[in-house]
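Peer 1: Predicted model and sequence follow; I will ask about them next.
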Amino acid sequence: MRYGNAAVGRRGEEAVAAWYGARGFQVLATNWRCSSGELDLVLLSPAGGTVVFCEVKTRTSSRYGSPVEAVTVAKRRRLRVLAGRFMTEARPPGLVVRSIRLDVAAVRAGPGGAPVVEVVEGV
């Protein structure tokens, strides 16, 4: 069965949210949008205090290179702007933030089509 790009991306984001959830992270937002763009996942670390902004790249093949390679310097710069906008416009009331981190998650189809998640922290 083939999925459209939106469905592939959605499945990848769900797999990454589950990956973080299994490690104790709390999802604060998914697909948060503003006039500057979109953040795929915004998470709170298990110990609290660190907000993680995660860009998810999902690929069904390696034809176009590694998913992580798709996050260019310009994209990382845009993610920093979006993180700042989120913190000023959408941060949950009362949330104390000691640090923020930008991650990139690469999702590929593994054996039997199960998603394989690789997270690069602090890009």
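Peer 2: Sure, I can see it.

Peer 1: per-residue pLDDT, Arg59?
Peer 2: Arg59 carries a pLDDT value of 79.

Peer 1: count of neighbours near it?
Peer 2: 18 (other CB atoms under 10 Å). Glycine gets a C-beta too; all of them are placed from N, C-alpha and C.

Peer 1: Can you tell me the centre-most residue of this protein?
Peer 2: Note on the chain: the residue nearest the mean C-alpha position is Cys54, at 2.7 Å, using CA atoms, centre = their mean.

Peer 1: What strands line up against the helix or strand harbouring that residue, and which way round?
Peer 2: Secondary structure from DSSP states H and E places Cys54 in strand 50-59. Within its sheet, and counting by DSSP bridges, strand 50-59 is paired with strand 37-44 (antiparallel), strand 99-109 (parallel).

Peer 1: so how far is it off the chain centroid?
Peer 2: Computed by CA atoms, centre = their mean, to the nearest Å, the chain-centroid distance of strand 50-59 equals 2 Å.

Peer 1: In CSV: the strands paired with strand 50-59, plus distance to Gln26 and mean neighbour count.
Peer 2: As requested, the strands paired with strand 50-59 are exported to CSV (distance: least, CB to CB, whole Å; neighbours: other CB atoms under 10 Å):
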stretch, distance to Gln26, mean neighbour count
strand 37-44, 4, 20
strand 99-109, 14, 19
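
Peer 1: quick revisit: give the next helix or strand downstream of the strand holding Cys54.
Peer 2: That would be, after strand 50-59 and using DSSP H and E, helix 73-89.

Peer 1: Dump that following helix to CSV, keeping only the CA atoms.
Peer 2: Extracted C-alpha coordinates of helix 73-89, given in CSV (Å, rounded to 0.1, in the frame of the first residue of the first chain):
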residue,chain,number,x,y,z
VAL,A,73,21.5,25.4,7.9
ALA,A,74,18.7,27.7,6.6
LYS,A,75,16.1,25.3,8.0
ARG,A,76,17.9,25.1,11.4
ARG,A,77,17.9,29.0,11.5
ARG,A,78,14.2,29.0,10.7
LEU,A,79,13.6,26.5,13.5
ARG,A,80,15.3,28.8,16.0
VAL,A,81,13.0,31.6,14.9
LEU,A,82,10.0,29.4,15.3
ALA,A,83,11.1,28.2,18.7
GLY,A,84,11.4,31.8,19.9
ARG,A,85,7.9,32.5,18.5
PHE,A,86,6.5,29.5,20.3
MET,A,87,8.1,30.5,23.6
THR,A,88,6.5,34.0,23.3
GLU,A,89,3.2,33.1,21.8
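
Peer 1: Many thanks, I have nothing further to ask.
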